[in-house]
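Student: when you get a sec, could you give me coordinates for this:
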Amino acid sequence: MKTDLRITKTENLIREAFLSLIEEKGFSNITITDLSKKANINRKTFYAHYETKEELHEKIIDEFLSILNPVLFEVSGLKGVSQRQYLCSLLNKIKEHNKTFSILIKDKTSNLFYDKLKKQLTNNLIKTIPEKEDERLELLKDAYFALLLIVLNWWTSSKEKDANIVLDMILEFFSKKPLELLGIEF
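Tutor: The predicted structure is shown next:
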């Protein structure tokens with residue numbers, strides 16, 4: 001079934017306006033009136049496409065995460081050079097969509113993107129979870145995820161283009177080397 005070009009254009013206008021408003025004022029502070037004005041549509045048009053702003057938000061997040069799915073699915077069974085290539089592909093996908101990533105991750109009024117991204121990355125990248133729940137493991141996953149996001153934020157807003165350099169930084173940060181750099185020895 002072919003989608004009407006007017007529908008596609010309207011949905012793109014709504015999404016662009018929505019992301020712009022998230023960047024300006026945060027998801028929680030957006031009203032449908034704000035969105036309608038920004039997209040230059042009426043409220044009825046918005047509701048013809050989406051029931052709520054939450055539905056639109058979740059759809060944008062899920063579409064962004066679906067871009068990462070093929071790469072994440074492949075990386076879990078690989079080792080060495082092959083795994084590195086797939087991780088670089090993942091980083092490049094994020095860089096390719098850096099504007100959306102930056103807007104969604106920097107929004108302090110909603111944790112939905114953060115939570116979904118964390119779940120997706122930890123489910124696909126961390127496969128060696130012991131059967132017994134260990135709070136230290138959960139803390140370690142949280143710490144590594146937070147560090148990964150800091151690096152991704154830096155990279156998506158920097159001029160650095162090479163995913164290999166960023167991957168090397170991530171691997172270095174996840175080793176004992178950062179402690180050594182800080183002068184901490186055990």
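Student: mind checking pLDDT for I7?
Tutor: I7 is assigned a pLDDT of 87 by the prediction.
Student: quick check: the gap between F18 and E172.
Tutor: Per CB to CB, to the nearest Å, F18 is found 37 Å from E172. C-betas here are computed from N, CA, C, even on glycine.
Student: the more surrounded of the two?
Tutor: With neighbours defined as other CB atoms under 10 Å, F18 and E172 compare such that F18 has more, 24 against 12.
Student: and the strand or helix carrying the more buried one, what other elements does it pack with?
Tutor: Assigned by DSSP states H and E, F18 belongs to helix 5-25. Under the contact definition 3 or more CB pairs under 8 Å, 6 or more residues apart in numbering; DSSP states H and E, helix 5-25 sits against helix 32-39, helix 43-49, helix 53-75, helix 98-106.
Student: what comes up buried for it?
Tutor: 10-11, 14-15, 17-19, 21-22 (16 or more other CB atoms under 10 Å).
Student: starting at the chain centroid, how far to that helix?
Tutor: 18 Å (CA atoms, centre = their mean, to the nearest Å).
Student: so which residues make contact with that helix?
Tutor: Contacts with helix 5-25, where a contact means CB atoms under 8 Å, 6 or more residues apart in numbering, come from 30, 34-35, 38-41, 45-46, 49-50, 53, 56-57, 60, 99-100, 103-104, 106-107.
Student: how far away is the nearest residue to I67 once chain neighbours are set aside from N42?
Tutor: Of all residues not flanking I67 in the chain, K93 sits nearest, at 5.5 Å (CB to CB, 6 or more residues apart in numbering). Separation of K93 from N42 (CB to CB): 35 Å.
Student: neighbour count: those two, which is higher?
Tutor: K93 (18 against 11).
Student: helix or strand: which one has the more buried one?
Tutor: helix 80-96.
Student: and the angle from that helix to helix 98-106?
Tutor: 90 degrees (axes from the mean of the first three to the mean of the last three CA atoms, to 10 degrees).
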